Structures are given as structure tokens and as C-alpha cells.
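Novice: structure for this input, please:
(one chain, ligands or ions: 1)
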Amino acid sequence: MSNKIVEVRHLSHRYSVDWAIRDINFEIKEKGVFGLLGSNGAGKSTTMNIICNVLTQTEGDVFINGINLRKNPIEAKKYIGFLPQKAPLHTEMTVDEYLYHCADIRLMPKKEIPAAIDRAKEKCGITHFSKRQICNLSGGYQQRVGIAQAIIHDPLFVILDEPTNGLDPNQITEVRHLIKGIAEDRAVLISTHILPEVQAVCDYIMMIEHGQKVFEGTINAFNTYMSPSALMTIMHNAPTTEELLKIEGIVRVERLTKTRIRLHFKGDNAIVGRVVKQAVENQWHLREISLEKESLDKVFAKLSGKEV
Ligand SMILES: Nc1ncnc2c1ncn2[C@@H]1O[C@H](COP(=O)(O)OP(=O)(O)OP(=O)(O)O)[C@@H](O)[C@H]1O
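Specialist: Purely as a prediction, here's the structure:
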């Protein structure tokens with residue numbers, strides 16, 4: 001087995017004249033959830049479709065478990081499970097019939113299929129619906145069946161295209177939980193433009209905009225990518241704005257109420273100590289002080305080069 005589950009090298013694609021993606025590079029070496037994040041038209045589907053071998057790239061290479069997908073697609077695809085945005089369900093079939101059909105078209109040996117179906121159903125929490133026609137399941141359970149077909153052959157790598165699209169809030173929570181569960185045994189790549197999704201399920205993120213990579217790192221790195229730039233304070237004897245602006249680093253003062261004041265600053269977090277010192281010395285009756293992190297939305301907008 002290669003030490004890289006997925007390796008994408010200099011991947012570029014153009015449908016006509018314009019490049020849809022340009023020189024995308026990344027590797028997935030470990031189990032866990034890898035999020036491909038980007039706004040509409042950023043190039044997520046193009047990237048995913050190439051990795052699933054649904055689309056052939058203009059330039060670059062994709063290796064799955066060390067196997068070149070373009071040169072040896074049948075071998076490489078054995079390691080991939082895929083759930084497209086619209087799950088390819090045969091809704092007139094029962095869950096068991098459908099999963100058998102999926103295992104069969106994956107050319108799994110017949111004697112291995114029943115155990116594979118049981119394993120996939122158990123992992124996806126659908127065992128009790130084995131004999132139920134798929135059309136009689138809720139959207140959330142239909143999505144579970146879609147995920148079960150993606151892992152029926154126990155692949156190393158699973159690709160889920162916007163897996164919670166169209167589900168209600170409870171179903172979204174359940175499907176996210178399921179995604180975390182299946183990523184305990186394998187690498188899972190999900191595409192999404194929903195920021196809370198990224199925070200809820202991803203261990204690692206790559207963000208693309210206008211077909212190019214703009215960020216790659218852990219969810220923690222993503223969250224702290226933008227260092228705090230404001231302090232929220234509550235002072236019961238707050239000084240004037242002029243006085244606050246005299247503190248080294250404070251660049252703007254936002255008075256939200258008489259006692260709640262946001263202090264915008266430049267520089268590092270040592271500002272907290274300076275504000276506390278001034279507050280004590282001048283008896284501003286500081287009751288609360290906290291660094292305000294940028295919201296994920298703002299990080300997203302900044303990384304995409306859009307106005308915040
Ligand atoms: N079949 C196609 N022919 C021509 N251009 C296309 C085609 N598919 C996508 N594009 C263009 O390629 C770029 C990337 O599109 P892509 O669908 O990969 O983005 P996306 O991030 O998946 O967006 P969405 O979230 O809306 O699906 C866009 O500019 C899009 O208009």
C-alpha cells in the first residue's frame with residue numbers, strides 16, 4: 001500500500017478556453033475527513049469529478065493508493081467509493097436489493113457480498129430497514145443508503161459530493177455523525193460550501209477559489225488563520241474614546257453601549273495586558289475583556305479575496 005491514499009499533482013482542467021481549475025496539488029495521507037471548500041463555481045465539482053474518473057483532466061495526475069488514475073483507472077477505482085450530489089438510488093428496490101446490485105456492479109465475488117452488505121448497513125445504521133423499499137425511507141435514510149453503497153467494497157477512500165444538501169437539520173446532524181464514523185476507517189473527501197459543515201466534520205481543509213488553491217491546513221489552522229483584531233470589553237467606568245486611543249496598538253473604538261466597548265487593534269495579543277493595566281491604574285472598572293476571533297464567514301470571504 002502506498003503511504004499516500006490520494007495524491008493530486010498539478011491538476012488543471014479547462015472545458016473550453018478558460019481554466020476551471022489550475023495547478024491544484026494536494027495529498028491525503030491519513031484517515032479522517034478532508035473538506036474541499038469553495039464557493040459556487042470555484043472548481044470543486046471539476047476536481048471531484050476528475051478524482052472519481054468521471055472527467056478526464058486536461059493536465060496533471062491523480063494517484064489513488066499510488067496508482068495513476070488516468071493510466072490504470074480500473075485498478076485505481078477499486079480503492080474509491082463515490083456518492084455524487086444526487087445519490088444514484090434505485091428507489092423501487094429494497095435496501096438489500098440495491099446494495100446487492102451495487103456490490104455486483106463493483107464485481108465483488110458473490111460469496112463476499114452478503115457479509116459486505118451487512119457490514120455497510122451496520123456502519124450506516126440502516127440494518128432495520130433492510131427489506132424496506134428505498135422510496136419509503138426519509139431523505140436522511142436515503143442518504144445513508146447512498147453512503148452505504150459508497151463503502152460496500154470497503155474502499156480506502158470515499159468521496160461525498162455535498163453530502164448534506166437538501167436534508168433537514170436533524171438529518172444533517174445524523175449524516176455528519178455518520179461521515180465522522182466512516183472516516184474512522186478510511187479517508188473521506190467531502191465538498192461543501194457550507195462553513196458550519198466544515199467546522200462540524202472536517203479534520204483538514206483545502207479551499208479553492210477561481211480554480212486555484214487559496215488555503216490548505218487543519219481545521220484549527222483554518223479557524224486561527226486570521227488572528228484576532230478586536231477586544232470586547234465591559235467597563236463600568238469607561239474612559240473617553242480619546243483616552244482609549246492613547247493605548248499603544250488601539251486603532252479604533254466602537255462604543256456599543258455605555259459599558260460595552262469594542263477596541264480594534266493592530267499588533268499581537270499583548271494588547272490585552274496593556275488595556276488591563278490602564279484599566280486598573282485608572283479605575284475604569286473593567287469587568288470583562290476577551291479577544292474576538294474572526295467568524296468563519298469572514299475568514300472564508302477574506303481567503304476568497306472578497307469584500308468582508
Ligand atoms: N461542463 C462545463 N462546461 C463549461 N464550463 C464548465 C462546465 N462545468 C463547469 N464549468 C465551469 O468551470 C468552473 C468550475 O465549476 P465547478 O462546477 O467545478 O465549480 P463548483 O465549485 O463545483 O461549483 P458549484 O458549487 O456551483 O457546483 C465554473 O466557472 C463553471 O462555470
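Novice: would you mind measuring from the nearest residue to F215 once chain neighbours are set aside to the ligand?
Specialist: With sequence-adjacent residues excluded and distances taken as CB to CB, 6 or more residues apart in numbering, F215 is closest to M207, at 4.2 Å. No exception for glycine: its C-beta is placed from N, CA and C like everyone else's. Applying CB to the nearest ligand atom, to the nearest Å, the value for M207 to the ligand is 11 Å.
Novice: pretty sure M207 belongs to a strand, no?
Specialist: Yes. Under DSSP: H, G, I helix; E, B strand; the rest coil, M207 falls within a strand.
Novice: was I right about it contacting K302?
Specialist: No. In this structure M207 lies outside contact range of K302 using CB atoms under 8 Å: 11.0 Å.
Novice: for the two, work out which one has more neighbours and name it.
Specialist: M207 (24 against 16; other CB atoms under 10 Å).
Novice: for that one, what are its contacts?
Specialist: M207 sits next to L36, L37, G38, K213, V214, F215, E216, F222, F300, L303, S304 when contact means CB atoms under 8 Å, 6 or more residues apart in numbering.
Novice: check the residues you listed one by one and keep those near the ligand.
Specialist: The overlap between these and the neighbours of the ligand (CB under 6 Å from any ligand atom) comes to G38.
Novice: among the contacts of M207, who's most crowded?
Specialist: G38 (28 neighbours).
Novice: what's the closest non-adjacent residue to it?
Specialist: Nearest one to G38, counting by CB to CB, 6+ apart, is I208 at 4.4 Å.
Novice: can you tell me the closest non-neighbouring residue to the residue in the stretch 51-200 of the chain that the ligand sits nearest to?
Specialist: Minimum separation of the stretch 51-200 of the chain from the ligand (CB to the nearest ligand atom) falls at H193, amounting to 5.6 Å. Spatial nearest neighbour of H193, chain neighbours left out: S39 (5.6 Å); criterion: CB to CB, 6+ apart.
Novice: wait, that neighbour touches S191, no?
Specialist: No. Counting by CB under 8 Å, S39 stays clear of S191, with 11.6 Å between them.
Novice: neighbour count winner among these two?
Specialist: Neighbours around S39 and S191, counted as other CB under 10 Å, are more numerous at S191. The numbers are 22 against 15.
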